[in-house]
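Chemist: Take this sequence and fold it.
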Amino acid sequence: MATKTAASTKKKPAAKKKPSTKPKAAAKSAAKKPAKKTWKSRAALRLVEAGSAVECLHCGERVKFQAKLRNMQVICNIYTKGVWERVDHYHSECYDLADQPYGVPPDMTRPPGPASAPSKAATEKVAAEKAAAAKAGSAKKKKKS
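Modeler: As a prediction, this is how the structure comes out:
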C-alpha cells in the first residue's frame, strides 16, 4: 500500500479574483423582463378540412367538408383572464349572423356568397365600366375597317 507523501498533499494556492468593473446593482436593473402578453379571444377564417366533426355554435348543425365546395368555417380561440379556455366553431355565414362575437377574422378573404356578395351599386358600377370598355373597343374596330 502506498503512503502519502508531503508533496502530494500540498494544496495549490487559490487564484485571486479580479474585481468586477460593473456595479452589481446596475447589472440587475438593466436585465428587465418584457411585459407578459395578455391573450385575447380571436377569430380566424379557415377552410373546412376533410374529417372535420365539429358543430356550429350558432345553428347547432355539423360543419361539413364537401369536396366540390370550398366551405369556410370560423374558428375562435376563447381566452378567459388571459388563459385559453376552449375553441368555438361557426359556419362563416353563421358567424356573421351572430354579429361576429370575437371580431372580424383577418386571415383570408371570404369566397363569393350571400354573406360577402358585393353591393348592388358596386355591381352596377362594374357593369357600366365593362360596357364602356366594350363600346370603346368596338369604336376602335370600326375606325380600322
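Chemist: low-scoring pLDDT stretches of this protein, where are they?
Modeler: The model of the chain has pLDDT under 70 over residues 1-31, 107-123, 125-126, 137-145.
Chemist: Now do the residue lying closest to residue 62 once chain neighbours are set aside against residue 63, distance only.
Modeler: Nearest residue to residue 62, sequence neighbours excluded (C-beta to C-beta, 6 or more residues apart in numbering): residue 55, at 5.6 Å. No exception for glycine: its C-beta is placed from N, CA and C like everyone else's. For residue 55, the distance to residue 63 (C-beta to C-beta, to the nearest Å) stands at 7 Å.
Chemist: likewise residue 72?
Modeler: 10 Å.
Chemist: quick one: the strands in the protein?
Modeler: Along the chain, counting by DSSP state E, strands occupy 42-47, 54-55, 62-63, 72-80, 83-91.
Chemist: Quick one: list the elements packing against the first one.
Modeler: The one in question is strand 42-47. Judged by 3 or more C-beta pairs under 8 Å, 6 or more residues apart in numbering; DSSP states H and E, the packing partners of strand 42-47 are strand 72-80.
Chemist: Please apply the same query to the second one.
Modeler: Here strand 54-55 is seen to pack against strand 62-63 when contacts are counted using 3+ C-beta pairs under 8 Å, 6+ apart.
Chemist: contact partners of the strand it packs on?
Modeler: Contacts with strand 62-63, where a contact means C-beta atoms under 8 Å, 6 or more residues apart in numbering, come from 48, 52-56, 71, 73, 89-91.
Chemist: That's all I had, so thanks and see you.
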